[in-house]
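*Asks:* Build me a model:
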Amino acid sequence: GREFEQQVDDAKGDPRNPISQGEVEEKFIALAVRVLPEERAKKILKLISRLEELENAGDLMCCCKLNKED
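*Replies:* Predicted structure coming up:
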């Protein structure tokens, strides 16, 4: 078979090849849904986006906790 090789000097996310906020959010959802329901993963993103406005981190921590039904 044929063999292909390519070198990437600046990986995605490197300061010279930045990742957009949308890409970060998409990646988070893609990884989070492996262990959490998608609705909860989206709620986590929403809470994180206004983290400085939260009175306490309890709501965020509850969303991150794995339940037996997850």
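*Asks:* which residue packs closest to the residue nearest the centre of the chain, ignoring adjacent ones?
*Replies:* The chain has residue 28 as the residue nearest its centroid, 1.7 Å off, counting by Cα atoms, centre = their mean. Take residue 28 and drop its neighbours on the chain: the residue closest to it by Cβ to Cβ, 6 or more residues apart in numbering is residue 45, 6.3 Å away. (Glycine included, C-beta is placed from N, CA and C.)
*Asks:* got it, and residue 27?
*Replies:* Per Cβ to Cβ, 6+ apart, closest to residue 27 is residue 19, 7.9 Å.
*Asks:* related to what we said a few turns ago, which residues touch the residue nearest to residue 28?
*Replies:* 25, 28-29 (Cβ atoms under 8 Å, 6 or more residues apart in numbering).
*Asks:* just for the chain, where's the confidence low?
*Replies:* 70 (pLDDT under 70).
*Asks:* For it, which segments are assigned as helices?
*Replies:* Using DSSP state H, the helices of the chain run over 21-32, 38-49, 58-64.
*Asks:* Just the buried positions in stretch 26-34, please.
*Replies:* Within stretch 26-34, the residues scored as buried using 16 or more other Cβ atoms under 10 Å are residue 32.
*Asks:* Can I get it in CSV, CA atoms only?
*Replies:* What follows is stretch 26-34 as a C-alpha-only set of coordinates in CSV (Å, rounded to 0.1, in the frame of the first residue of the first chain):
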residue,chain,number,x,y,z
GLU,A,26,-17.8,21.8,19.8
LYS,A,27,-14.9,19.8,21.1
PHE,A,28,-16.2,20.1,24.7
ILE,A,29,-19.6,18.8,23.7
ALA,A,30,-18.2,16.0,21.6
LEU,A,31,-16.1,14.8,24.5
ALA,A,32,-18.6,15.4,27.3
VAL,A,33,-21.4,13.5,25.6
ARG,A,34,-19.3,10.3,26.0
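*Asks:* count of residues packed around residue 36?
*Replies:* Burial of residue 36 is recorded as 20 neighbouring residues (other Cβ atoms under 10 Å).
*Asks:* Alright, calling it a day.
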